[in-house]
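Trainee: Next input, structure requested:
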Amino acid sequence: MREAKQLTRLLCGKIQSLDPGFGIEMMRLAATLAEPFAPKQMDAALCEEPKADVTGLVDALVNRIGEQHVYRFAPIASDVPERSIRRISPVAPHTGKTWQDPWPRPAHLLQRPEPIQVLALLPDHPPASFTWRGIKRRVKRADGPERIFGEWWKRDNELSAVRDYFRVEDEAGERFWVYRAGNGEDISTGSHRWFLHGIFG
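Mentor: Residues are numbered from 1 along each chain as shown. As a prediction, the model looks like this:
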């Protein structure tokens, strides 16, 4: 950013939160890092409306509630769902990477997979019913399994780790993303316990 008006607005927002003590004689704004602006391609059609610039809004939010609370998600090349995203600045340039997964992913991924009690046939049948947070749900429809292997090149304990994911829908029409840790046959591939990992919107 190089607009004096926006910089002044951000600075004034912070000044109100300062304790002046015995008073302030001088205040100086220093740019600890300054880089040249990269050339920017203008739109081919001059009559097109300019794209909305949200950097001012983002800066105001960061100034008010903190940088750790203002972010967007970007994809990372990983098959393990909880490692396939990272938080970045909302105004960071687009890297061009997208999620290239043929299987649908839930809109809401739990912070940590939660254990569930499941009634299912092994080795590769979906749950017939499951209990999550004290509520038993009968499964009406299911799809899967989608098998995800551990990242053995990163961690030795994931050398034989396996997860079998299922998309399930209960009688009320709610859809969930559940998985069994292990392949259902060999205990060395996982505990064979079931977990709920996400909720489809």
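Trainee: How is the protein partitioned into domains?
Mentor: 54-101, 108-199 (automatic domain parsing).
Trainee: so who does Q6 touch?
Mentor: Going by CB atoms under 8 Å, 6 or more residues apart in numbering, Q6 touches G56, D59. Any C-beta I mention is one placed from the backbone N, CA and C, and that applies to glycine too.
Trainee: Swap in 10 Å and give it another go.
Mentor: Taking CB atoms under 10 Å, 6 or more residues apart in numbering as the criterion, Q6 is in contact with T55, G56, D59, A60.
Trainee: which of those residues lies closest to P75?
Mentor: T55 (22.4 Å; CB to CB).
Trainee: So what's the residue count around the closest one?
Mentor: 12 (other CB atoms under 10 Å).
Trainee: how much space between it and L7?
Mentor: Plainly put, T55 is 12 Å away from L7 if you go by CB to CB, to the nearest Å.
Trainee: strand partners of whichever strand or helix holds V118, parallel vs antiparallel please.
Mentor: Here V118 is covered by strand 108-120, with elements defined by DSSP states H and E. The strands beside strand 108-120 in its sheet (DSSP bridges) come out as strand 127-132 (antiparallel), strand 194-199 (antiparallel).
Trainee: Buried residues in the first one, which are they?
Mentor: I take that to be strand 127-132. Residues of strand 127-132 classed as buried by neighbour count (16 or more other CB atoms under 10 Å): P127, F130, W132.
Trainee: Just send these back as JSON lines, with pLDDT too.
Mentor: As requested, these are exported to JSON lines (pLDDT from 0 to 100):
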{"residue": "P127", "pLDDT": "95"}
{"residue": "F130", "pLDDT": "97"}
{"residue": "W132", "pLDDT": "96"}
